[in-house]
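Asks: Any chance you could fold what I've pasted below:
(one chain, ligands or ions: 2)
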Amino acid sequence: MLKQVTRQLALQGVRNFSVSQQNNYKVTVCGASGGIGQPLSLLLKQNPLVTDLSLYDIVHTPGVAADLSHIDTKSKAVGFMGADQLGESLKGSDVVVIPAGVPRKPGMTRDDLFNVNAGIIKDIANSIAKNCPKALVAIITNPVNTCVPIAAEILKKAGVYDPKRLFGVSTLDVVRARAFIGHALNVDPQTVQIPVIGGHSGVTILPVLSQSQPLFKGSQDVIEKLTVRIQEAGTEVVKAKAGAGSATLSMAYAGARFAGSLLKGLNGEKNVIECSYVQSSITEATFFSTPLVLGKNGLQENLGLPKLNDYEKKLLEAAIPELKKNIQKGIDFANA
Ligand code: NAD
Ligand code: LMR
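Replies: Ligands and ions are numbered 1, 2, ... in the order given. Sure thing, here's the model as predicted:
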């Protein structure tokens, strides 16, 4: 028995090393001490592709780093605290994941976070431009629909913008859709495939249920209820937390999955596909989430719009004006 287990572990090791080409990436988490940042960093500490885990926040990172650095995985966790250590934390990063900023309380929209979070994204994007302009950047901070265009404008101004390297993280919408469909159909959610396109707030979140595999069948009423549940799932958590913030654990899981996919792509793995909110010419909205193939330079191929039925076409019509407004707000802020 022991022999068998050892052999299996060895095989796994051989597979890890033979598939991987570089296997030593630096990932920086900006906002590493927060509700998302801590569990996200814990999950990244366990990713075998990460050798350097850089933990940046304006508070508490020495403690978070000391704690994580006692975990027996190969990556080194180092904490950086305060604006004057931001540049150092970012230098040499291959991937930067950003959950820095304030979360919602009941009664607030994601857009209500703009006043505080837009400035945070602006500062971090400026430092990325100076310290790791080639990094793949994944923005979790809300409002995602607006924060990604802000970062794009800042990187443009610095002359380092590469649309293939900037991502808004909408993975939690996919994770939720898989969970809800899996439980409704009584199948393992991990086996469910479903594109969730558009943006990351209310009507801009467009789960394409007609393309789910296995197919989610139901009356139009059931389909509309599930669609709205996915669109409003963030608010469901905000209400349940009753003033103590928004989704953190499921977001950490989703963020670690997305960052892990970016790393797999960087490392040359084939067929790495994730939905993410990126600069796009697929619709009239200049940033839009669709399924993407991730590769050695980030976004390798945009797979475009999945086939939509008439109901989903209507959802898309509703999403576009809202997205355009959110995007313009970011562009105006960055250029003010
Ligand atoms: P939190 O308040 O628990 O943590 C935020 C962290 O950011 C804190 O540790 C804080 O010190 C840090 N921070 C503040 N200003 C900073 C700065 N200038 N530089 C670096 N760090 C800074 O909040 P949270 O629950 O972790 O949520 C963080 C953000 O993620 C919120 O904006 C929230 O709306 C968003 N969010 C997005 C998704 C998504 O699907 N994209 C899901 C959940 C939450
Ligand atoms: C979510 O979808 O859970 C996040 O965007 C956080 C929020 O404010 O809903």
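
Asks: Please make it C-alpha for all contacts and neighbour counts, starting now.
Replies: OK.

Asks: Stretch 296-314: which residues count as buried?
Replies: By neighbour count on 16 or more other Cα atoms under 10 Å, the buried set for stretch 296-314 is 297, 298, 299, 300, 302, 304, 305, 312.

Asks: Pull the contacting residues for the fourth one.
Replies: If I follow you right, that is residue 300. By Cα atoms under 8 Å, 6 or more residues apart in numbering, the contact list for residue 300 reads 164, 292, 293, 294.

Asks: same thing but at 6 Å, please
Replies: Listed by Cα atoms under 6 Å, 6 or more residues apart in numbering, the contact partners of residue 300 are 293, 294.

Asks: What strand or helix carries it?
Replies: For residue 300, the host element (DSSP states H and E) is strand 298-302.

Asks: ok, that strand: who's next to it in the sheet?
Replies: strand 287-295 (antiparallel) (DSSP bridges).

Asks: what about the partner strand, near ligand 1?
Replies: No - using Cα under 6 Å from any ligand atom, strand 287-295 stays clear of ligand 1, with a minimum separation of 12.3 Å.

Asks: And residue 25, how far from residue 318?
Replies: Distance, residue 25 to residue 318, by Cα to Cα, to the nearest Å: 40 Å.

Asks: cool, residue 280 as well?
Replies: Counting by Cα to Cα, the gap from residue 280 to residue 318 is 18 Å.

Asks: Close to ligand 2: what parts of the chain are there?
Replies: So the chain meets ligand 2 at 103, 104, 110, 234, 235, 246, 247 (Cα under 6 Å from any ligand atom).

Asks: Identify, from the buried residues of stretch 296-314, the entry nearest to residue 181.
Replies: Proximity of these to residue 181 (Cα to Cα) peaks at residue 312, which lies at 17.0 Å.

Asks: Just the element for that closest one, please.
Replies: Using DSSP H and E, residue 312 sits in helix 310-335.

Asks: following the helix or strand of the chain with the lowest mean pLDDT, which helix or strand comes up?
Replies: Scoring the helices and strands of the chain by mean pLDDT, DSSP states H and E places helix 2-19 at the bottom, with a mean of 36. With elements assigned by DSSP H and E, the helix or strand that comes after helix 2-19 is strand 25-30.

Asks: what sits against residue 235?
Replies: Contact analysis of residue 235 by Cα under 6 Å, 6+ apart lists nothing.

Asks: can you confirm it is in a strand?
Replies: No - judged by DSSP: H, G, I helix; E, B strand; the rest coil, residue 235 forms no part of a strand; its state is helix.

Asks: Tell me the spacing between it and residue 106.
Replies: 8 Å.

Asks: so residue 276, which of the three states?
Replies: For residue 276, the assignment made with three-state DSSP gives strand.

Asks: excluding its backbone neighbours, what's nearest it?
Replies: Closest residue in space to residue 276, ignoring its immediate chain neighbours: residue 289 at 4.7 Å, by Cα to Cα, 6 or more residues apart in numbering.

Asks: count of residues packed around that neighbour?
Replies: 32 (other Cα atoms under 10 Å).

Asks: Pull the number of nearby residues for the nearest residue to residue 31 once chain neighbours are set aside.
Replies: Using Cα to Cα, 6+ apart and skipping the chain neighbours, the partner closest in space to residue 31 is residue 100 (3.9 Å). By the criterion of other Cα under 10 Å, residue 100 has 26 neighbours.

Asks: quick one, what contacts the closest residue to ligand 2 within the stretch 151-300 of the chain?
Replies: Closest to ligand 2 within the stretch 151-300 of the chain is residue 234: 3.3 Å, counting by Cα to the nearest ligand atom. Shown in contact with residue 234 (Cα under 6 Å, 6+ apart): no residues.

Asks: For it, give its distance to residue 173.
Replies: 9 Å.

Asks: residue ranges of the helices in the protein, please?
Replies: Remark: helices assigned in the chain by DSSP state H are 2-19, 37-45, 61-68, 86-90, 114-131, 144-157, 171-185, 220-231, 233-241, 249-266, 310-335.

Asks: so for the longest one, what's the average pLDDT?
Replies: Confidence for helix 310-335, expressed as mean pLDDT, is 98.

Asks: do stretch 101-117 as well
Replies: 97.

Asks: got the buried residues for that stretch?
Replies: Buried residues in stretch 101-117 (16+ other Cα under 10 Å): 101, 102, 103, 104, 105, 106, 109, 110, 111, 113, 114, 117.
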